[in-house]
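Peer 1: Fold the following for me, if possible:
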Amino acid sequence: MSFSNPMLLWGCIGLVLMFAEIIIPGGIVILLGTACLVVAGALALGLVEGFVQSMTLWFIASMVLLLGFRQITQRLIGGYSHVDNTDEELDIYNKEAVVIQTIGPGQKAGRIEFQGSQWSALGDGTEIVSGTKVRIICRDNIGLVVEPLIDSQDT
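Peer 2: As a prediction, the model looks like this:
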């Protein structure tokens, strides 16, 4: 079997790409492989000749297949796609923390423990003593702004 035959070469590349979809899921590689098979078929029928025409046909067939069938292959073959929250402000909002160094009164900063780390914290202007549970309101530069939890003040 000689790979000097362009039809065979395009066919083999197409099959390799289609089987590569098993390793690289997502529905794109299989369409590129299908475009290679289209070129191999066109070479077999004598519709194209030479490298430049083959590459042009492959490019056009790839674009048509990708634009036309991408949604279908995405649903059938799928792939892993998950988008996490990229706004850290939303992740910490309304979470509980514990005061480890008294905060306040006024604008006097203290320290809280949140997610296993110590953070600089500002309060609502009142004194929040050590050991009090607080709720995170927002982030201010590298510190957090907190308010005492109502439950922890009653006890």
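Peer 1: Remind me what the helix or strand where G68 lies packs against, helices and strands.
Peer 2: In the assignment (DSSP states H and E), G68 maps to helix 50-76. Applying 3 or more C-beta pairs under 8 Å, 6 or more residues apart in numbering; DSSP states H and E, one finds that helix 50-76 contacts helix 6-20, helix 29-45. Just so you know, the C-beta spots here come from the backbone N, C-alpha and C atoms, and that holds for glycine as well.
Peer 1: Please identify which of those is closest to L66.
Peer 2: Proximity to L66, assessed across the helices and strands packed on helix 50-76 by C-beta to C-beta, is greatest for helix 29-45 (5.4 Å).
Peer 1: Ramachandran coordinates for C138?
Peer 2: Comment: the main-chain dihedrals of C138 come out as phi -160, psi -180, following degrees, to the nearest 10.
Peer 1: With adjacent residues omitted, what lies nearest to A42?
Peer 2: Spatial nearest neighbour of A42, chain neighbours left out: V48 (4.7 Å); criterion: C-beta to C-beta, 6 or more residues apart in numbering.
Peer 1: quick one: the one you found from S54, how far?
Peer 2: Using C-beta to C-beta, to the nearest Å, we find V48 at a distance of 6 Å from S54.
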